[in-house]
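Undergrad: heads up, no residue letters with this:
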């Protein structure tokens, strides 16, 4: 497995329906995931989920999205050829004119590479928490741990992640 470095000008975008099935994938998404449109269209978006990613990060994402909120995170994705790439992602609900959630839109950019070792250590801690606690309680414990990082600084989780990406003083 080798890392593919996301270029600074990459705009890796996808849209999904309410169940997380891919309804759109940008050319950059296809390039970085080493897939063709037929590999991803109407398939679960988690086909690119890397096993190093804690389940808690995705539970938190779905919790935010179901509340109509956007979500920011660092994500390690797996490619079709078993390579991987890190990205900084923003996922947001797409709404109808009546305010009904129609699906979700995700845009990934190049991550702050200086912070990735810290993110990797953080994700290892969360996976350990998940494994020790087990099941849904493990995911809840991981979410609680993530939210605690932001609470220590009196900021939201999204602001915590944003500060990491843009080099602000997030610990």
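TA: Done, it's in. As the structure is a prediction and not an experimental result, all values here were calculated from the model. Numbers count the residues shown, from 1 in each chain.

Undergrad: buried set for the helix or strand hosting residue 148?
TA: Using DSSP states H and E, the element containing residue 148 is helix 135-151. By neighbour count on 16 or more other CB atoms under 10 Å, the buried set for helix 135-151 is 138-139, 141-143, 145-146, 149-150. Just so you know, the C-beta spots here come from the backbone N, C-alpha and C atoms, and that holds for glycine as well.

Undergrad: ok, now stretch 43-57?
TA: So stretch 43-57, judged by 16+ other CB under 10 Å, has buried residues 43, 45, 48-50, 53-57.

Undergrad: swap in stretch 99-110?
TA: Per 16+ other CB under 10 Å, stretch 99-110 contains these buried residues: 103-110.

Undergrad: ok, so of these, who is nearest residue 95?
TA: residue 103 (9.5 Å; CB to CB).

Undergrad: what about that closest one, distance to residue 49?
TA: Look at residue 103 and residue 49: by CB to CB, to the nearest Å, they are 18 Å apart.

Undergrad: and if you look at residue 150?
TA: For residue 150 relative to residue 49 (CB to CB), the value is 23 Å.

Undergrad: rewinding a little: tell me the average confidence for the helix holding residue 148?
TA: On average, the pLDDT along helix 135-151 is 94.

Undergrad: Which elements pack onto that helix?
TA: Under the contact criterion of 3 or more CB pairs under 8 Å, 6 or more residues apart in numbering; DSSP states H and E, helix 135-151 touches helix 55-66, helix 116-133, helix 157-165.

Undergrad: How far away from the center of its chain is that helix?
TA: How far helix 135-151 lies from its chain's middle: 15 Å, per CA atoms, centre = their mean, to the nearest Å.

Undergrad: by how many degrees do it and helix 157-165 diverge?
TA: With axes from the mean of the first three to the mean of the last three CA atoms, to 10 degrees as the basis, helix 135-151 and helix 157-165 are set at 70 degrees to each other.
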